[in-house]
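**Student:** Could you look at this predicted model? Sequence included:
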Amino acid sequence: MDPGISGLDLRLLLELTVRMLLALALTLPIAQEREYHDMSAGLRTFPIVAVGACALVMLARVVLGPASDQQTHVLQGLVTGVGFIGGGAILKANDRVHGTATAASIWATAIIGAAVGYRQSEIAIVLALLTFLTLRSVEFLEDRKIIPRPAETIAKADAPDTTRR
């Protein structure tokens, strides 16, 4: 008997729930890091993007079949849609562009969710770890004056030249 007609497929429901929770858990550190830096996207956006991407991919697998060539269209639509969301995080003020790291993180978060949905959790784990470490390592290097903060570089470039010639 078709479980969709007679009721819920509890085994499938459990698997989907676990996968979506994994997508959510993998993106929370990234979301927290962006929230801490008062970015336009944070604790709500990143997990929702990841869980939504995960759900879309799982839906496509169930409806289209795991071996369907139509899966490429699902991924194309996902990348396009998430690009639109990420574009909203990018702002231009004067000669500076802000939010590109947040936009890239949103994009990576969607890929994390999609990887979990495609049962490629190893890819999701590595991508989540590398995304988080990239965001944190730059701050670490800036705090220790190993690399300059963007605002410091601009301030130096805008400062009048006081040397005599």
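**Tutor:** Yes, it's here.
**Student:** going forward, measure contacts between C-alpha atoms and count neighbours the same way
**Tutor:** Fine.
**Student:** any idea how far the closest residue to residue 100 other than its chain neighbours is from residue 70?
**Tutor:** Nearest non-adjacent residue to residue 100, counting by C-alpha to C-alpha, 6 or more residues apart in numbering: residue 90, 5.6 Å away. Between residue 90 and residue 70 the computed distance is 31 Å (C-alpha to C-alpha, to the nearest Å).
**Student:** Show me what the lengthiest helix in the chain is packed against.
**Tutor:** Assignment by DSSP state H gives helix 10-36 as the longest helix of the chain. On a contact count with 3 or more C-alpha pairs under 8 Å, 6 or more residues apart in numbering; DSSP states H and E, helix 10-36 meets helix 45-64, helix 100-117, helix 121-143.
**Student:** Specify the stretch among those helices that is closest to residue 86.
**Tutor:** helix 100-117 (4.1 Å; C-alpha to C-alpha).
**Student:** where does the protein have low pLDDT?
**Tutor:** 1-6, 38-40, 150-165 (pLDDT under 70).
**Student:** middle-most residue in it, spatially?
**Tutor:** residue 109 (2.1 Å; C-alpha atoms, centre = their mean).
**Student:** Without its sequence neighbours, what residue ends up closest to that residue?
**Tutor:** Going by C-alpha to C-alpha, 6+ apart, residue 109 has residue 50 as its nearest residue, at 5.4 Å.
**Student:** For that neighbour, give me its contacts.
**Tutor:** For residue 50, the contact set (C-alpha atoms under 8 Å, 6 or more residues apart in numbering) comprises 23, 24, 27, 109, 110, 111, 112, 113, 114.
**Student:** Compare those residues and tell me which is most surrounded.
**Tutor:** Ranked by the number of neighbours (other C-alpha atoms under 10 Å), the contacts of residue 50 place residue 113 first, at 36 neighbours.
**Student:** Would you confirm that that residue contacts residue 51?
**Tutor:** Yes: with contact defined as C-alpha atoms under 8 Å, residue 113 counts as touching residue 51 (5.8 Å).
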